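> task: produce atomic coordinates for the following.
(chains A and B)
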Amino acid sequence: MIVFVSGAARSGKSEAAEVCAIRLSCGGRLHYIATAQAVDEEMTERIRRHQERRAAQAAHWTVWEAPFSSREIAASLRPNDVVLLDCLTAWLAHELFSGESWKTDATAQATARRLLDGVRAWDAACRAVVIVSNELFSGGVPDDPGTFRYMKTLGSLHQQLVAEAAAAAVVECGLLRVKKGRWPR
Amino acid sequence: MRERYGINDGVHIVWHNGYLEPYRSPDGIETAKTVVFDGLEAAIRLRPDADEWESYFRAWQRWEAAAPNRTVVWIGTDVTQGVVPVDPEERRWRDAVGMCYQRLASLCCRVDRLWCGLAERLK
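The predicted structure follows:
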């Protein structure tokens, strides 16, 4: 099953997704796919905070750091495992902007399809995939073509993931609002 | 969008894309049953005047009423929820979008807010 969690900056979406993944794992292994890359001091600090929080949990996470191979992760999964990807926004940004695929609608959509196929492959190989993403659509629509296409591509990825997800929710001020399906308890 | 509003390829659709070009007037559009305006917030940016836009919305409302089975669909991104911009032009645009959406919503028979493809009906 796919579970989709979105939220604004500092809304508590990562915590909600971690709790959800731990619940779903019931004894299976937990995989954490970390998409953020430490490009500056603030990001390094942010990554460290997330690492400390996970280290404080009783659950043990197998961590896959970006840049990772989607196929390699799929090959390592067992049927009872649970995957948590945090977050889709950084993953898509990396895939679009590390090359030239952001330059046309067709290539950007092809990148989105590749990411979606990666998620589907994980989902087929394990119990659940929890995807964290961001609510970044309310701050205006940018003029520059790169960011515009990024938002458009992320929007269509969100639609497809939520359509395929068994459950989808948005986190606001630490409160989870279920938008689709039944939240894993 | 196509699914929700029962728009299918058998129907003559005129699609305006506000991200690419300014919208046109209803004059001369006779055969179309469905007219869609995408990127409304981008179109408003070119003329951030809610009064002008209200006249435009009403012109299309009259077009819709002038023949049976006509539908006009407006699609806009909500750009009004971020931090209030420092730049006065940006602020003017944002306010105009909020005001236009209010006036448009009062004219429309149906209003949906979409999140990841899921529609929440507001009206």
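> list, one by one, the residues from chain A near chain B.
By C-beta under 8 Å from any C-beta of the partner chain, the residues of chain A that approach chain B are A:4, A:6, A:137-141, A:148, A:158-163, A:168, A:170, A:179-180. Glycine gets a C-beta too; all of them are placed from N, C-alpha and C.
> check contacts around A:Val129.
A:1-3, A:82-85, A:119, A:122-123 (C-beta atoms under 8 Å, 6 or more residues apart in numbering or on different chains).
> which members of the residues you listed occur in helices, if any?
Among the contacts of A:Val129, the ones falling in helices (DSSP state H) are A:119, A:122-123.
> so which of those is the closest to chain B?
Distance to chain B across the ones in helices among the contacts of A:Val129 (C-beta to the nearest C-beta) is lowest for A:Val119, with 14.4 Å.
> the closest one contacts A:Val130, doesn't it?
No: A:Val119 is beyond contact range of A:Val130, at 10.5 Å (criterion: C-beta atoms under 8 Å).
> can you count the residues close to B:Arg110?
B:Arg110 has 13 neighbouring residues, counting by other C-beta atoms under 10 Å in any protein chain shown.
> shouldn't it be within a strand?
No: read with DSSP: H, G, I helix; E, B strand; the rest coil, B:Arg110 is coil and lies in no strand.
> how much space between it and A:Leu88?
31 Å (C-beta to C-beta, to the nearest Å).
> what distance do you get for A:Ala167 to chain B?
Note on A:Ala167: its distance to chain B, by C-beta to the nearest C-beta, to the nearest Å, is 12 Å.
> helix/strand/coil for the residue lying farthest from the centre of chain A?
Each residue of chain A has a distance to the centre, and by C-alpha atoms, centre = their mean the biggest one is for A:Asp143: 25.8 Å. Classification of A:Asp143 using three-state DSSP returns coil.
> sorry, back to before: among the residues of chain A next to chain B, which ones are buried?
Buried members of those, scored by 16 or more other C-beta atoms under 10 Å in any protein chain shown, are A:4, A:6, A:137, A:139-141, A:158, A:160-162, A:168, A:170, A:179-180.
> and the longest helix seen in chain B, what's buried?
Longest helix of chain B, by residue count under DSSP H: helix B:88-107. Within helix B:88-107, the residues scored as buried using 16+ other C-beta under 10 Å are B:90, B:93-94, B:96-101, B:103-104.
> counting by contacts, list what it packs against.
helix B:40-46, helix B:50-65 (3 or more C-beta pairs under 8 Å, 6 or more residues apart in numbering or on different chains; DSSP states H and E).
> what mean pLDDT would you report for that helix?
The pLDDT scores in helix B:88-107 average 93.
> count of neighbours near residue 82?
Using chain A here. The tally of other residues near A:Val82 (other C-beta under 10 Å) stands at 27.
> chain B is the one I meant
13.
> likewise A:Ala75?
For A:Ala75, the neighbour count with other C-beta under 10 Å is 10.
> with A:Arg10 instead?
Burial of A:Arg10 is recorded as 9 neighbouring residues (other C-beta under 10 Å).
> re the thing from before, so which of the buried ones among the residues of chain A next to chain B sit within strands?
A:4, A:6, A:168, A:170, A:179-180 (DSSP state E).
> for A:Phe4, give the beta-bridge partners.
For A:Phe4, the beta-bridge partners under DSSP bridges are A:Ile131, A:Ala168.
> any chance of the ones in strands among the buried ones among the residues of chain A next to chain B in a markdown table, plus pLDDT?
Listed next are these as a markdown table, based on pLDDT from 0 to 100:
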| residue | pLDDT |
| --- | --- |
| A:Phe4 | 98 |
| A:Ser6 | 96 |
| A:Ala168 | 98 |
| A:Val170 | 95 |
| A:Lys179 | 97 |
| A:Lys180 | 97 |
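> least trustworthy helix or strand in chain A by mean pLDDT?
helix A:41-55 (a mean of 88; mean pLDDT, DSSP states H and E).
> quick one: name the residues of chain B near chain A.
Counting by C-beta under 8 Å from any C-beta, the residues of chain B that sit close to chain A are B:19, B:39, B:41-42, B:77-83, B:90, B:94, B:115-118.
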